[in-house]
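1. 3D, please:
(chains A, B, C and D)
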Protein chains: 2
Amino acid sequence: MLRGTNLKFVNSYNLRIVLEMIRLYGPMSRIDISRSTHLTAQTVTNITKKLMEVGLIFESDRKQNGKGAPSILLKSNPDCAYSIGVDFDKDHLNCVLVDFNGVIRESISQTLNCPAPDQAIDMIVQSVRRLIKKARIKKSKLWGVGVGVPGPMILLDNSIRANIINPKFYPGWDNVPIVQILKKKLKVPVYIENNAAAAAIGERWYGIGKHIDSFFYIFFGAGIGGGMVLNGLPYPGFRGNSGEIGYLPLLNNFTGKLQLDDSAHVGMHFDLLLLYNELKTAGYKIYEPAQLEKLFLNNEPILLDWMQKGAEQLAYTVLAIEYLIDPEIIFFGGRLPECMISAYIDIINEIAPRHRISGLKQIPELKLARAGVDATALGSATLPLYNSFAPIPSLLHKKNEVAVPDLKMIYQAL
Amino acid sequence: MLRGTNLKFVNSYNLRIVLEMIRLYGPMSRIDISRSTHLTAQTVTNITKKLMEVGLIFESDRKQNGKGAPSILLKSNPDCAYSIGVDFDKDHLNCVLVDFNGVIRESISQTLNCPAPDQAIDMIVQSVRRLIKKARIKKSKLWGVGVGVPGPMILLDNSIRANIINPKFYPGWDNVPIVQILKKKLKVPVYIENNAAAAAIGERWYGIGKHIDSFFYIFFGAGIGGGMVLNGLPYPGFRGNSGEIGYLPLLNNFTGKLQLDDSAHVGMHFDLLLLYNELKTAGYKIYEPAQLEKLFLNNEPILLDWMQKGAEQLAYTVLAIEYLIDPEIIFFGGRLPECMISAYIDIINEIAPRHRISGLKQIPELKLARAGVDATALGSATLPLYNSFAPIPSLLHKKNEVAVPDLKMIYQAL
DNA sequence: GTGCTTTATTAAAATTAATTGATTTAATGG
DNA sequence: CCATTAAATCAATTAATTTTAATAAAGCAC
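-> Got it, this is the predicted structure:
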């Protein structure tokens, strides 16, 4: 799609660049922003003036740096915008309300048992309303709701993200337009994303990935998934299926055992329901990931064996990511306890080098991302803020509809 | 790197957008460009005026479309710019001179025997000079020289692409600054790229990939390599190693045989020197890919067995590409004869579905790209033109040095 | 303390390319 | 032949950045 651009697009982009500079590297002065972005000092003054008027940033102390007038440090305002993230799956619903700086202000968790769409959507709506009340924020400052769901989605005509949760595992969830329904009921922008991709975006916007332009994110949820950020931007793939590492065929030469059938796939080794069942035979009653921490720390053999088998498959996947995508870093995060994710990283770091061709000097580092219950919800909460405030280069191109709100809308909203 | 932009960058980008529209969809009228790019008609008039002044485009017939003034069709001028592509490897040196439309005007091929750097560079310089003479073009219209080399390179400080050919297989080629040397001798811009990546860029700029925004390119050269184009742009990876499918570990469950050692890799099955040796034991004297066509058409068992084993490994690689990257299309191209590449595609299309998880409806199509001797050289020839004329979005961002010539420099050059 | 130097910030004017609105050009069709 | 339609362009306007110049605030020398 070859699209031209013009001065207005330039301005809205530069606005976001300056805001992002302050968010990532702040507190910082106008002159530092100018030097970094190569915008003139005057332009930075003009833009920061606008940003201050709408309350996105504010001036704080002056910084003395030798001779000359000390520069005025600019900070981003955590209370300028809030967002709600929803982590939804068959067995749980976690919702968090975060401020602009990504700090979780309030959260609500509940367990589910494969609810029907109507029921689930009602619960989400109620949770959102309760969060707004609990946090005592103005609804006008709620920038939107982001929903992270397991499995792939389809894109509708207008390239508005929508709404199939893998119908195979979710009876009744075929073709449910969650986005439209939630938008209508809540009257705020609603975004939906695969939970792994949402976690990756969250890592990019708030996590260690803030300064990493290209990374792969391996996500432990009910199964295993992945998301990627390339050149600073989420890369969803042509059909929205990129990063689906769970679908890779099983290898028997890594495990030393025979594979079940030709279409057996890596995801099998990370299906928590299968693990819970296996643990049940040993007398454990496990129904959520947090309970695994204790078993892991007690060196429960069933769990350790399970992890070892999975890690062997994952090691190959990591090599494939290295050689195909060559990201700067591979993050590991998700709903599992931090100690387990770290253990996976350790096993892979032991296995992978044996299968690596000699001669490659630099390889991506494996790093722990945000783990635990809130990982997905926080990632999902990022979606509205990311879309409203991130300097996405495609903003520079003319489009029929401005999908992304610009400062005029921010003026109106505040 | 967060950089701002301004009106001048907008203009140089819009110039390229309009030129690209005409190149890809031309002949087309100003009003069609306006509707497509969402630039106003007046802006398109201004831009096309500039492009005509420097001879990049010209007006041709009027197209009658019902009532009203007929629109004037604009065409890109094939003789506005030329480029020379160099395909260099241990055993051969192919050079082509192409015009702006990608038509090969002249070419020179010669066989080599692992030459030393001085010798090789001299041969390249001579070939370039001979091509200019043969094609009888003005040197001022030679936009540059692109060199495709096997194996990885490193990027120098200024992000000017440079200059290591995998030193392991090329004694004496450690740290040779080819780009700088050639630039000094030829006095034109010189670009270097991995041959697989160059072929991918060539496919994007001149091939079927012209209208495909995201694809993976599997390249058959002396071994096997890969390149990718994502969101319309070449994606080199963080260390310039993306697409290195040859490095993936071997799988024994696909071949049914034991792997040699832990670091045995897919590339082994595509190493032409190994194949030539195996064929030698059967009495064949093969030293270049074109000779394989006859053997293949005669159903030579050694060759067919070789291809079957390779294809089984490649099928897994294709699945990994599908699930990790999810490109629109996977292209297959390179120095092998077209019939052999097609055969690889057929075998993979037979194997892959068996290992695919059920439920995924859409999958990337496997397509034949340009095959044969000129594939790499044409891809390399694309590099200078691509860098000078393609609407690369990063052009919109302010930088210290303008690495890419803009229209001012085009004025001077013509 | 005073005055000079240095540096950050901002005000005013200039610049630039896109946009808007009016005009010209060239065909169709009654 | 003239009204209609649509493409292309001229002229004036607009909206952002840039340039130039002024102002403000600190350090430093005397």
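2. A:His92 against A:Leu112, yeah?
-> Yes. Between A:His92 and A:Leu112 there is a contact at 5.8 Å, judged by CB atoms under 8 Å. All C-beta atoms are positioned from the backbone trio N, CA, C, and that covers glycine.
3. Helices of chain A, residue ranges please.
-> Taking DSSP state H as the test, the helices found in chain A are A:7-25, A:30-37, A:41-53, A:117-135, A:178-186, A:195-206, A:252-255, A:272-281, A:292-297, A:301-324, A:338-351, A:375-389, A:407-413.
4. Which of these sits closest to B:Lys210?
-> For the helices of chain A, proximity to B:Lys210 was assessed by CB to CB; helix A:301-324 is nearest, at 23.8 Å.
5. got the CA coordinates for that closest one in PDB?
-> Once non-C-alpha atoms are left out, helix A:301-324 reads as follows in PDB (Å, rounded to 0.1, in the frame of the first residue of the first chain):
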ATOM      1  CA  PRO A 301      10.000 -35.700  39.700                       C
ATOM      2  CA  ILE A 302       6.800 -35.700  37.500                       C
ATOM      3  CA  LEU A 303       7.100 -31.900  37.100                       C
ATOM      4  CA  LEU A 304      10.900 -31.900  36.500                       C
ATOM      5  CA  ASP A 305      10.600 -34.700  33.900                       C
ATOM      6  CA  TRP A 306       7.800 -32.800  32.200                       C
ATOM      7  CA  MET A 307       9.900 -29.600  32.100                       C
ATOM      8  CA  GLN A 308      13.000 -31.500  30.800                       C
ATOM      9  CA  LYS A 309      11.100 -33.000  27.900                       C
ATOM     10  CA  GLY A 310       9.500 -29.700  27.000                       C
ATOM     11  CA  ALA A 311      12.800 -27.800  27.300                       C
ATOM     12  CA  GLU A 312      14.400 -30.200  24.800                       C
ATOM     13  CA  GLN A 313      11.800 -29.400  22.200                       C
ATOM     14  CA  LEU A 314      12.000 -25.700  23.100                       C
ATOM     15  CA  ALA A 315      15.700 -25.700  22.600                       C
ATOM     16  CA  TYR A 316      15.300 -26.600  19.000                       C
ATOM     17  CA  THR A 317      12.600 -23.900  18.700                       C
ATOM     18  CA  VAL A 318      15.000 -21.400  20.100                       C
ATOM     19  CA  LEU A 319      17.600 -22.400  17.500                       C
ATOM     20  CA  ALA A 320      15.000 -22.000  14.800                       C
ATOM     21  CA  ILE A 321      14.300 -18.500  16.100                       C
ATOM     22  CA  GLU A 322      18.000 -17.700  16.200                       C
ATOM     23  CA  TYR A 323      18.600 -18.800  12.600                       C
ATOM     24  CA  LEU A 324      15.400 -17.600  11.000                       C
END
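6. That one vs helix A:338-351, what angle?
-> Using axes from the mean of the first three to the mean of the last three CA atoms, to 10 degrees, the direction of helix A:301-324 lies 60 degrees away from that of helix A:338-351.
7. Could you list every helix and strand in contact with helix A:301-324?
-> strand A:215-220, helix A:252-255, helix A:272-281, helix A:292-297, strand A:329-334, helix A:338-351, helix B:301-324 (3 or more CB pairs under 8 Å, 6 or more residues apart in numbering or on different chains; DSSP states H and E).
8. That's all I had, so thanks and see you.
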